[in-house]
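*Asks:* I'd like to go over a predicted model; first the sequence, then the structure.
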Amino acid sequence: MNRTGRVERVTKETSVLVEIDLDGSGKVDVATGVGFYDHMLDQLGRHGLFDLTVKTEGDLHIDSHHTIEDTALALGAAFKQALGDKVGIYRFGNCTVPLDESLAQVTVDLSGRPYLVHTEPEKMAPMIGEYDTTMTRHILESFVAQAQIALHVHVPYGRNAHHIVECQFKALARALRYASERDPRAAGILPSTKGAL
């Protein structure tokens, strides 16, 4: 079964194309115009072993907000599309990733219900290049809303803003990978007592 998603999202502010293959090998081709965001999406694809293409043109003459947000919305929608009927997947995944002095703990449930819990150190540099560090939570909110998953992200400590954000994306990638992988013991089984996800 082909587990791919393709979403095009076009507004007066942005034009976004996202393609994802959940059973890929981590090939990534990303260009949003926001360098650090590209770096984070690269982490998502490579550590999730998702083949990921993202092409975004946005109103960067204003700022990066619309570009980042709309990309995250399209990514969430493409991920949901690629999951398909969710039959035979593990459904739950978690991963803890250190990056030097920072640590991220991520747990995901591909539940069909959007919910985000997000904590990170409050005192960190406001910008990483053109990337507003307050956007990390908003990226996750936007992704969760469209992917319809429950996501808990906790960064108990960290000093360097680059590390704090990057370890979240790496842990998210691995947690999504584990949750979306096929469980060989559950072939043909939907992992829900309700009969729906």
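*Replies:* Sure, I can see it.

*Asks:* Just after the strand or helix carrying residue 79, pick out the following helix or strand.
*Replies:* With elements taken from DSSP states H and E, the one containing residue 79 is helix 65-83. Using DSSP H and E, the helix or strand that follows helix 65-83 in sequence is strand 92-99.

*Asks:* Mind listing what's buried along that following strand?
*Replies:* 93, 95, 97, 99 (16 or more other C-beta atoms under 10 Å). Backbone N, C-alpha and C define where each C-beta goes, glycine included.

*Asks:* Rounded mean pLDDT for that strand, please.
*Replies:* Per-region confidence: strand 92-99 scores 98 on mean pLDDT.

*Asks:* Need the residues that contact it.
*Replies:* For strand 92-99, the surrounding residues in contact (C-beta atoms under 8 Å, 6 or more residues apart in numbering) are 103-110, 158, 163, 166-167, 170-172, 174-180.

*Asks:* and with 6 Å instead?
*Replies:* Identification of contacts with strand 92-99 by C-beta atoms under 6 Å, 6 or more residues apart in numbering yields 104-109, 163, 166-167, 170-171, 174-175, 178-179.

*Asks:* What of stretch 105-112?
*Replies:* 91-96, 148-154, 171-172, 175-176, 179, 197.

*Asks:* please redo it, this time with the cut-off set to 7 Å
*Replies:* For stretch 105-112, the external contacting residues (C-beta atoms under 7 Å, 6 or more residues apart in numbering) are 83, 86, 89, 91-96, 148-154, 168, 171-172, 175-176, 179-180, 197.

*Asks:* List the buried residues of it.
*Replies:* For stretch 105-112, by 16+ other C-beta under 10 Å, it's 105, 106, 107, 108, 109, 110, 111, 112.

*Asks:* And the strands in this protein?
*Replies:* 4-10, 14-21, 28-31, 51-58, 92-99, 102-109, 115-119, 127-128, 131-132, 150-157 (DSSP state E).

*Asks:* how far out from the middle of the chain is the fourth one?
*Replies:* Using C-alpha atoms, centre = their mean, to the nearest Å, the mean C-alpha position of strand 51-58 is found 13 Å from that of the whole chain.
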